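**Q** What shape does this take:
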Amino acid sequence: MTNQTRQQQMRYLFARAGFGATPAELDAASRKSLKKVVRQLFNDSESVPELRVVEADTSETKKQLKGLFRNGQLDKDMLKERIRDNAEKVRDLNLQWLDQMAIGKAALREKMALFWHGHFACRTQGRNPLFMQQYANTIRQNALGKFSDLLMAVSKEPAMLQFLNNQQNRKNAPNENFAREVMELFTLGRGNYSEHDIKEAARAFTGWQFTPDGHFIFREQVHDEGEKTIFGKTGAFKGEDVIAMLLENKQTARFVTAKIYRFFVNETEDKKRVDELAAQFYKSNYDITDLLETIFTSDWFYDPKNVGAHIKSPVELLAGLRHTLGVQFEQPQSQIFVQRTLGQLLFYPPNVAGWPGGKNWIDSSSLLFRMQLPSYILKAAEIAVQPKEDGDVNTQSLARKGGSRFQTKVDWADFEAAFAKIPDSNLTDAIASTLIPFPLRPDQRELISKQAKPGQSRSEQIHAITTALMSLPEYQLT
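**A** This is a model prediction of the structure:
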């Protein structure tokens, strides 16, 4: 394998297992064995810095709740102010998480957590920043551990219990929403359970509630203690028993593995390969790290049919661009504008099924903005695009604060240093090999090379070529 081919392999790995790489990272990785590079990705993701925009303080929570009332009546103005303040804290949480993705050190953990955010889709209700903070940290902390631990932990998160209405699930008045989504979206997939299973499981989940200060609590007085029959088994089951039954079912391993395969490998599923991976996943007691390590070190992962087959999500695109060029936004909230305009705002999935992904990311308006985004960010060009309407007043107001022009700082020095010894005649291809999944066609090479004008300094040439390459449709692919 030539050094250039090796570097292309590393570019693909870093793009799929993280959010891309700098030229220096690709150069260093291309000198190591594949297994060592993959192992290093996991080692770098061992620590989990907490996201924190609010403190989990019981007395403060009670004080805030009390402050919403005046003379025993709900103060509507105070409520509006509280909702607005909470929405801004959720925005800050969004930006903190995006920073962690863009830093790149624990990129694999953050990439996997982004996958779980779509799998365990949860939208903030009442704009509660504490609940969303706990939910985000739970999926990040458990992202590379055991799926069994993650499933139990996220199912008990107040944000999820609230989003799926389990606070209203009580004996003699069961609410089936939580039980249905746990089966349909989190574990088995549609068609692998009966309506009777859902009704009985809903009874088992009665009593799974939460306190205003963000603690899971099992309220025995509202739990249905009677016998239930679920998946052919009968007993006085509780929620934990249902989770255990779902994990015992091999269909859960198959369903989750297939989603991971479509996210990391190819949207077109290789049934036999997914079956093999699912069997391994089940046998390993749902070890996520073991599954991913198998994928990333397998020859078939690097098959040409998989390269360039994944369309970057808006968050992947933004985090990757930031990481590759060390981009910092002087007004961080501009990134909210980008997310909303492209249709993926962290903590605001469109529904319980999460973002559909794939070709759904692309339409006529978003494709144009995607291809112009590098110019907007790297050249501070005027923005002539409006965010998509999603019916949420809070996300609309937060996006408007992004302004009509991005002010950014770009760490060009490190990027340029990687190409210091590259002759001018090879400069375009050398930069392209670090940014896009396919070799340039002759017409593309000629067009891109023309961006470097006579009389420009070496730095200016690199800036112009890089911006032009990032504006190609191929930059949208990994």
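**Q** Please count neighbours and contacts with C-alpha atoms only from this point.
**A** Will do.
**Q** Tell me where the stretch 51-200 of the chain has helices.
**A** Using DSSP state H, counting those that start in this stretch, the helices of the stretch 51-200 of the chain run over residues 58-66, 76-103, 107-119, 129-141, 147-155, 158-163, 177-181, 195-204.
**Q** Please name whichever of those is nearest to R39.
**A** With Cα to Cα, the closest approach to R39 among the helices of the stretch 51-200 of the chain belongs to helix 107-119: 10.8 Å.
**Q** Let me see the mean pLDDT of that closest one.
**A** On average, the pLDDT along helix 107-119 is 98.
**Q** just checking, what packs against that helix?
**A** helix 3-17, helix 34-44, helix 76-103, helix 129-141 (3 or more Cα pairs under 8 Å, 6 or more residues apart in numbering; DSSP states H and E).
**Q** hang on, the earlier thing: mind putting the helices of the stretch 51-200 of the chain into CSV with distance to Y261 and mean neighbour count?
**A** Listed next are these as CSV, based on distance: least, Cα to Cα, whole Å; neighbours: other Cα atoms under 10 Å:
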stretch, distance to Y261, mean neighbour count
helix 58-66, 41, 12
helix 76-103, 21, 19
helix 107-119, 11, 23
helix 129-141, 19, 23
helix 147-155, 15, 18
helix 158-163, 25, 23
helix 177-181, 21, 21
helix 195-204, 27, 22
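**Q** nearest to G357, of those helices?
**A** helix 107-119 (9.4 Å).
**Q** Need the residues that contact the closest one.
**A** Contacts of helix 107-119 with the rest of the structure, by Cα atoms under 8 Å, 6 or more residues apart in numbering, involve 17-19, 41-42, 45, 100-101, 136, 139-140, 143-144, 185-186, 260, 263, 349, 353-355.
**Q** Point me to the residue sitting closest to the centre of the chain.
**A** L114 (1.9 Å; Cα atoms, centre = their mean).
**Q** tally of neighbours for S364?
**A** By other Cα atoms under 10 Å, the residues close to S364 number 7.
**Q** typed the wrong thing, it's I377
**A** 24.
**Q** could you list every residue that touches it?
**A** Neighbouring residues of I377 by Cα under 8 Å, 6+ apart: 406-408.
**Q** ok, and the most crowded of those residues?
**A** Neighbour max across the contacts of I377 (other Cα under 10 Å) = F406, 23 neighbours.
**Q** pLDDT value on the residue lying closest to that one once chain neighbours are set aside, please?
**A** Take F406 and drop its neighbours on the chain: the residue closest to it by Cα to Cα, 6 or more residues apart in numbering is A380, 5.3 Å away. At A380, the pLDDT value in this model is 71.
**Q** if we can go back for a sec, okay, the helices of the stretch 51-200 of the chain in CSV with distance to N360 next?
**A** Formatted as CSV, the helices of the stretch 51-200 of the chain follow (distance: least, Cα to Cα, whole Å):
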stretch, distance to N360
helix 58-66, 40
helix 76-103, 22
helix 107-119, 14
helix 129-141, 24
helix 147-155, 27
helix 158-163, 24
helix 177-181, 22
helix 195-204, 30
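**Q** Any stretches of the stretch 251-400 of the chain with poor pLDDT?
**A** Within the stretch 251-400 of the chain, the segments meeting pLDDT under 70 span 381, 384, 386, 388-400.
**Q** Please repeat the previous calculation with a cut-off of 50.
**A** Scanning the stretch 251-400 of the chain for pLDDT under 50 picks out the ranges 393-394, 398.
**Q** Quick one: closest of the helices and strands packed on helix 107-119 to S364.
**A** helix 3-17 (24.6 Å).
**Q** A helix includes K305, no?
**A** No. Per DSSP: H, G, I helix; E, B strand; the rest coil, K305 lies outside any helix segment and is coil.
**Q** Tell me how many other residues surround it.
**A** 11.
**Q** ok, now V256?
**A** Neighbours of V256 (other Cα under 10 Å): 21.
**Q** Repeat that for I436.
**A** 23.
**Q** Contact partners for the spatially closest residue to it that is not a sequence neighbour?
**A** Excluding the flanking residues, the one nearest I436 by Cα to Cα, 6+ apart is Y475, at 5.2 Å. Contact analysis of Y475 by Cα under 8 Å, 6+ apart lists 435-437, 469.
**Q** Equivalent analysis for L164, please.
**A** 177-178, 181.
**Q** Please tell me how far it sits from F178.
**A** Distance of L164 to F178, given as Cα to Cα, to the nearest Å: 5 Å.
**Q** T466 now?
**A** Distance, T466 to F178, using Cα to Cα: 47 Å.
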